[in-house]
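Visitor: Pasting a predicted model and its sequence here:
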Amino acid sequence: MAPSKRRQANVRFNPEATAAVLPELVALLRQNRTELREEWARRITEAQLLTAMTKEEIFAEATSIYDNYVDVLETGAVEALQAYARNLSERIIPRGVETNEVVGIVLLLRDVLARSLFKKYQSDFALLNRVLDAYEPAANRIAVTVSVGFVQERERIIREQQEAIRELSTPVLPVRERLLILPIIGVIDPQRARQLTEQLLRGIRSNRAKVVVIDITGVPTIDSTVANHLVQTVESARLLGATVIVTGLSPEIAQTLVTIGVDLGKMNTVGDLRGGIEEAERLLGYKVAALAEAVQ
Amino acid sequence: MLVPILKQGQYLIASVQAALTDADLLKLRDALTEQVGTYRSRGVIVDVTSLDVMDSFASRTLSDLANMIKLRGAETVIVGIQPEVAFSMVQLGLKLEDVATALDLEEGLEFLNRKTARVAHAPKPPR
Amino acid sequence: MPPNPPDKIRCPIKSDLDIVTCRQKGREMAVQMGFPYSDGALIATAISELARNIVNYAVSGEVDITPVEVAGRTGIQVIARDHGPGIRNIDLAMQDGYSTSGGLGLGLPGVRRLMDTFEITSNGAKGTTVTAIKWKR
């Protein structure tokens, strides 16, 4: 670490000297593009990286990474590199490329280029130092930017997939006119509860539902947290003018919840789904009859 | 900003626009209460479709509104609460407990018709 | 972060008129940054409640609304600062029952539920500061 610290100190003390060699080393890397790129591709295969991709794909990506790499060495334009890194990640993540592979190939490229610099300037130690002073910080910045960009893109995709899974697992079903059924299966965590509520409210609005039956038979644990989420869902639905019937909540569990202080309030609970639907139809049928009478 | 109040038969309909100040909400509350008396209205619909945020003051003023109108012998129904607004309200613990709500204007009218029909016709027992 | 993130906004809060202005600015920023419509509503509601606390419990204050980026995620940060006397008992204020009595009270636990991060610090009689962030999904 100490030698490179000293070299980095040189960078600060001799910015003009460093800036002077940068164009030269960039030109060198461009000049030897073909052979350096092949060297790199060879080392990638040797290290058994990017096994999910074909030789042609590796070559195509390698070409564009190489050119971008050298461009950024020249310009220091990090934003462009970040955008490129995200774009690249978007392409290769679905191909099954892993983080260690991306970090690996970027470091290999750094090494291949560094070696070529050693080779060219080995006879002039002072010049080699200046060249490395210019090259190393830039190369390291590139490695970090590409790796971090890849990881962030992965995390973003995982979040999106989780959201999609949650959405698929809570279907809102329009069963009859003005009646929605929401069967919930599985654990309800805060994100899911929130998403459930949003989907339900949107469903109420687009189906103009007056009654909703939420069935929680498939929810394994019903503790006070889950119960509170449910209460909130019911209250939000009511604000849109819908009546909610909760089914699958056994009287024992309901009693326990009340005992521990959960306010089930005006929650309409029925033992099973069939009973809930019957109750819903009764509510709807009753309303229809009363309106017919009023019109007479 | 004054909220326009329409008279439709026995009902008053107020359509709230976005960005009402506290003072505007209070003026609305008082105007509706007064007009219910003037026109002997049987029901009031407050349409909040355009309201993008319902905070504690708005929710309390609407509650007060419903209570004051009830004292004058009329029913209130709030319609058009947007899904996001409903969600936020519940997170904040604003329940609008004693106030009737309906999905939209059509549902609101149906609600008021049902509520006020009891006096006009002798109810037949449901079959 | 989008190429041109919006500028940070400072809303002075003295009266209830400032509440509406402030939350609309928050809404606009959410739109500019590409937040889904529903999240813009939540942010605006949180701003409204925080600003309202300043009006109710302090002489004056301000709400700062800032775009933020951490580890590749973008978000909107809301900092509500009052100039005293502010909230005396923070623990009490953060209890759910305290805030939900008919819509009265401070709504702070509610704001915490609306946003993704939430921090509150009291500077004694000098006032209170609430910091909350909503991340873009």
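Guide: Nice, thanks for sending it over.

Visitor: Only C-alpha atoms from now on, for both contacts and neighbour counts.
Guide: Fine.

Visitor: Now the single nearest residue of chain B relative to chain C: closest residue in space, sequence neighbours ignored.
Guide: Residue of chain B nearest chain C, by CA to the nearest CA: B:Leu92 (4.0 Å). Among residues not flanking B:Leu92 along the chain, C:Gly110 sits closest, at 4.0 Å (CA to CA, 6 or more residues apart in numbering or on different chains).

Visitor: Tell me, how many residues neighbour the one you found?
Guide: By the criterion of other CA atoms under 10 Å in any protein chain shown, C:Gly110 has 23 neighbours.

Visitor: what do you get for A:Ala126?
Guide: A:Ala126: 11 neighbours (other CA under 10 Å).

Visitor: Now name the helix or strand holding it.
Guide: A:Ala126 is part of helix A:125-168 when elements are defined by DSSP states H and E.

Visitor: can you check A:Tyr66 too?
Guide: Assessed by DSSP H and E, A:Tyr66 sits inside helix A:55-75.

Visitor: helices or strands up against that helix?
Guide: If contacts are counted by 3 or more CA pairs under 8 Å, 6 or more residues apart in numbering or on different chains; DSSP states H and E, helix A:55-75 sits against helix A:15-31, helix A:33-46, helix A:78-92, helix A:125-168.

Visitor: residues from chain B in reach of chain A?
Guide: Selection of chain B residues close to chain A by CA under 8 Å from any CA of the partner chain yields B:79-84, B:86-87, B:89-91, B:95-96, B:100-103, B:110, B:113-114, B:117-118, B:121, B:123-124, B:126.

Visitor: Drop anything exposed from the residues you listed.
Guide: B:79-84, B:86-87, B:89-91, B:95-96, B:100-103, B:113-114, B:117 (16 or more other CA atoms under 10 Å in any protein chain shown).

Visitor: Among these, which are located in strands?
Guide: B:Val79, B:Ala100, B:Thr101, B:Ala102 (DSSP state E).

Visitor: ok, the residues you listed vs B:Leu6, which is closest?
Guide: Top of the list for closeness to B:Leu6, among these and by CA to CA, is B:Val79 at 15.0 Å.

Visitor: The closest one contacts B:Leu103, doesn't it?
Guide: Yes. Contact criterion CA atoms under 8 Å: B:Val79 and B:Leu103 qualify, at 5.4 Å.

Visitor: isn't there a strand covering B:Val46?
Guide: Yes. Assessed by DSSP: H, G, I helix; E, B strand; the rest coil, B:Val46 belongs to a strand.

Visitor: count of residues packed around it?
Guide: 25.

Visitor: Spell out which residues of the stretch 101-250 of chain A are next to chain C.
Guide: Counting by CA under 8 Å from any CA, the stretch 101-250 of chain A sits next to chain C at A:Gly149, A:Gln152.

Visitor: Please name the nearest non-neighbouring residue to whichever residue of the stretch 101-250 of chain A sits closest to chain C.
Guide: At 5.9 Å from chain C, A:Gln152 is the closest residue in the stretch 101-250 of chain A, using CA to the nearest CA. Distances taken as CA to CA, 6+ apart put C:Gly72 closest to A:Gln152, at 5.9 Å, once the chain neighbours are dropped.

Visitor: Tell me how far the one you found lies from C:Lys136.
Guide: 11 Å (CA to CA, to the nearest Å).

Visitor: Can you spell out which helices and strands pack onto the top helix by length along chain C?
Guide: Longest helix in chain C, counting residues (DSSP state H): helix C:37-57. Counting contacts by 3+ CA pairs under 8 Å, 6+ apart, helix C:37-57 packs against helix B:83-92, strand C:9-13, helix C:16-32, strand C:61-70, strand C:73-82, helix C:108-114.

Visitor: Just want the angle from it to helix B:83-92.
Guide: With axes from the mean of the first three to the mean of the last three CA atoms, to 10 degrees applied, the angle from helix C:37-57 to helix B:83-92 works out at 40 degrees.

Visitor: Okay, now the unreliable bits of chain B?
Guide: B:1, B:118-127 (pLDDT under 70).

Visitor: What segments of it are strands?
Guide: For chain B, the strands defined by DSSP E cover B:5-8, B:11-15, B:43-47, B:75-79, B:100-102.

Visitor: Double-check that A:His229 belongs to a strand.
Guide: No. Using three-state DSSP, the assignment for A:His229 is helix, not a strand.

Visitor: Which residue is the nearest non-sequential neighbour of it?
Guide: Take A:His229 and drop its neighbours on the chain: the residue closest to it by CA to CA, 6+ apart is A:Ala193, 6.2 Å away.

Visitor: where do the helices sit along chain B?
Guide: Ranges of helices in chain B, per DSSP H, are B:22-39, B:56-71, B:83-92, B:105-120.

Visitor: what does stretch B:12-30 rub up against?
Guide: For stretch B:12-30, the external contacting residues (CA atoms under 8 Å, 6 or more residues apart in numbering or on different chains) are B:1-7, B:32, B:36, B:41, B:43-53, B:57-58, B:61-62, B:64-65, C:16-17, C:20, C:24.

Visitor: residue of chain B with the smallest distance to chain A?
Guide: When scored by CA to the nearest CA, chain B has B:Ala102 as its residue closest to chain A, at 3.7 Å.

Visitor: Spatially nearest residue to that residue, not counting backbone neighbours?
Guide: In space, and not counting its chain neighbours, B:Ala102 is closest to A:Gly241: 3.7 Å by CA to CA, 6+ apart.

Visitor: OK, contacts around the residue nearest to A:Ala242 when sequence neighbours are not counted?
Guide: Using CA to CA, 6+ apart and skipping the chain neighbours, the partner closest in space to A:Ala242 is A:Lys210 (4.4 Å). Applying CA under 8 Å, 6+ apart, we find A:Lys210 in contact with A:Arg178, A:Leu179, A:Ile204, A:Gly241, A:Ala242, A:Thr243, A:Leu284.

Visitor: Any of those buried? List them.
Guide: A:Arg178, A:Leu179, A:Ile204, A:Gly241, A:Ala242, A:Thr243, A:Leu284.

Visitor: sorry, back to before: quick one: the helix holding A:Ala126 to helix A:15-31, angle?
Guide: Comparing the axes of helix A:125-168 and helix A:15-31 via the same axes, to 10 degrees yields an angle of 70 degrees.

Visitor: Give me the next element, helix or strand, following helix A:125-168.
Guide: According to DSSP H and E, the helix or strand after helix A:125-168 is strand A:173-176.
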